[in-house]
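# Just need the structure, nothing else, for what follows:
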Amino acid sequence: FMAYTNSYAFLFLLPACIVSGQLQNGMSLMLGDGAIGGEGDAAAAAARRWILLLNATAAAGQVFIFLTIHCFSSIMCTTITTTRKFVSILLSVRHFGHVFSPIQWTSVAMVFGGLYMEIVAKISGGKKKHQ
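Residues are numbered from 1 along each chain as shown. Here you go, the predicted structure:
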């Protein structure tokens, strides 16, 4: 199914890249012709390394998502994803020194409360098993 998603994204985004000029800019950077930034081969090599790293980590992430769904369940994958994103937001807020309003802290409590209740329900056998 991921092949269909990726194919759709390619077919949808390719024309957008051509119309906006991003395809030409990206190819100039990747080929190192110096049209962007004037850096030439060094910038192209760095760009290729970063794109390779980005694609490798994205592929690894897709594998872990597939394995989580396959070995556990889609709800477990959703719980892990939500928790990861939420912790990431909290760490970002702390790192950059932002301040939460009372309503935002209420939202934080609701998210963690929901996750906690889901875990407790799962442990206590509150979910009925499919026969």
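
# can you point me to the longest helix in the chain?
Assignment by DSSP state H gives helix 41-71 as the longest helix of the chain.

# May I see the buried residues of that one?
Residues 43-44, 47, 68 are the ones in helix 41-71 that count as buried (16 or more other C-beta atoms under 10 Å). Backbone N, C-alpha and C define where each C-beta goes, glycine included.

# tell me which strands and helices that helix is in contact with?
Applying 3 or more C-beta pairs under 8 Å, 6 or more residues apart in numbering; DSSP states H and E, we find helix 41-71 packed against helix 22-31, helix 74-96.

# again, only this time at 6 Å
For helix 41-71, the elements it packs on are helix 22-31, judged by 3 or more C-beta pairs under 6 Å, 6 or more residues apart in numbering; DSSP states H and E.

# starting at the chain centroid, how far to the helix it packs on?
Relative to the centre of its chain, helix 22-31 is centred 24 Å away, using C-alpha atoms, centre = their mean, to the nearest Å.

# Kindly report the same for stretch 66-77.
With C-alpha atoms, centre = their mean, you get 16 Å for stretch 66-77.

# Between its first and last residues, how far does that stretch reach?
Terminal residues of stretch 66-77 lie 9 Å apart, using C-alpha to C-alpha, to the nearest Å.

# quick one on the thing from earlier: I'd like the average pLDDT over the longest helix of the chain.
The average pLDDT for helix 41-71 rounds to 89.

# just the angle between it and helix 22-31, please?
Helix 41-71 and helix 22-31 are oriented at 110 degrees to each other (axes from the mean of the first three to the mean of the last three C-alpha atoms, to 10 degrees).

# From the chain's centroid, how far away is helix 41-71?
Chain-centre distance of helix 41-71: 11 Å, with C-alpha atoms, centre = their mean.

# Arrange the buried residues of helix 41-71 in JSON lines, one row each, with distance to Tyr116 as further columns.
Output for these, formatted as JSON lines (distance: C-beta to C-beta, whole Å):
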{"residue": "Ala43", "distance to Tyr116": "48"}
{"residue": "Ala44", "distance to Tyr116": "49"}
{"residue": "Ala47", "distance to Tyr116": "44"}
{"residue": "Thr68", "distance to Tyr116": "20"}
